[in-house]
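Undergrad: Sequence below, structure please.
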Amino acid sequence: MMDFRVISIGTLPSHPLWNERGETRTGHATTTVIKSDERVLLVDPSLPAPVINARLQERWGMGIDCVTHVFLTSFDPDRRRTLDELSHTTWYMNEPEIQGAQAAMQEELQRAQGDQDLEQFIEHQLGLLLQFVAPEDQVMQGVDLFPLPGYTIGTCGLLLPTAKRTIVIAGDAAPTVEHIECCQVLSNCEQLELAMESLQECIEIADIIVPGRDNVVLNPIRS
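TA: I've put the predicted structure just below:
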């Protein structure tokens, strides 16, 4: 049996639909935990490990050591602050996102030549990427891949179909409830047109949406 819960509500560093300019807070992603059979999947572990551990305890009475799998909707730095403390788990990410992130990191590494500290940082990120596995279409029982490209080339959500409602964990394909209501995407998308198509698909399919930077919501367009 599949069940899910948001353990940490994310936020944008600056919310353009609140007429904010410049970074007004530290951005972080919404983090969700999914239980299915004996597996515990942590989606977008965005906060530092002690905070994630505390949220898991508060929201579901488990510690970070209970997590068996991790899924990133994209390789955005905001979504992976806890990775170093999750080495005991299996890491999943969509194959196009793994490939796209590796190519971007290789380019950054070439530009960083001569800057030893920066080179070491990028090499560490490349090392993290090598540990990711591209999952099958079904990540686990009741949890399916739901590609939503555009924010990044390989952005991918998760589809949780149930008997009564269809749930989509959208990542930054659907960042906040305001973006969903206005049918707008983030301005820093890699491919704007593709991002708009992904947001529309999310709105058409989902009864419940877990946005990338907001709390879980009933689809305000369909409702």
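Undergrad: contacts and neighbour counts: CA atoms only from here.
TA: OK.
Undergrad: The chain: helices as residue ranges?
TA: 49-60, 95-111, 116-129, 177-182, 192-205 (DSSP state H).
Undergrad: list the helices and strands the first one packs on?
TA: If I follow you right, that is helix 49-60. For helix 49-60, the packing partners by 3 or more C-alpha pairs under 8 Å, 6 or more residues apart in numbering; DSSP states H and E come out as strand 2-8.
Undergrad: Report the strands that pair with the strand it packs on, each with its relative direction.
TA: In the sheet, strand 2-8 lines up against strand 31-36 (antiparallel) (DSSP bridges).
Undergrad: what sits up against the partner strand?
TA: With contact meaning C-alpha atoms under 8 Å, 6 or more residues apart in numbering, strand 31-36 is reached by 1-10, 40-46, 140-142.
Undergrad: Quick one, which of those are buried?
TA: Buried subset of the contacts of strand 31-36 (neighbour count, 16 or more other C-alpha atoms under 10 Å): 2, 4, 6-10, 40-46, 140, 142.
Undergrad: Check those for the minimum pLDDT and say which it is.
TA: Among these, residue 2 carries the weakest pLDDT, at 90.
Undergrad: Find the nearest non-adjacent residue to it, please.
TA: Once flanking residues are discounted, residue 2 sits nearest to residue 36: 4.4 Å by C-alpha to C-alpha, 6 or more residues apart in numbering.
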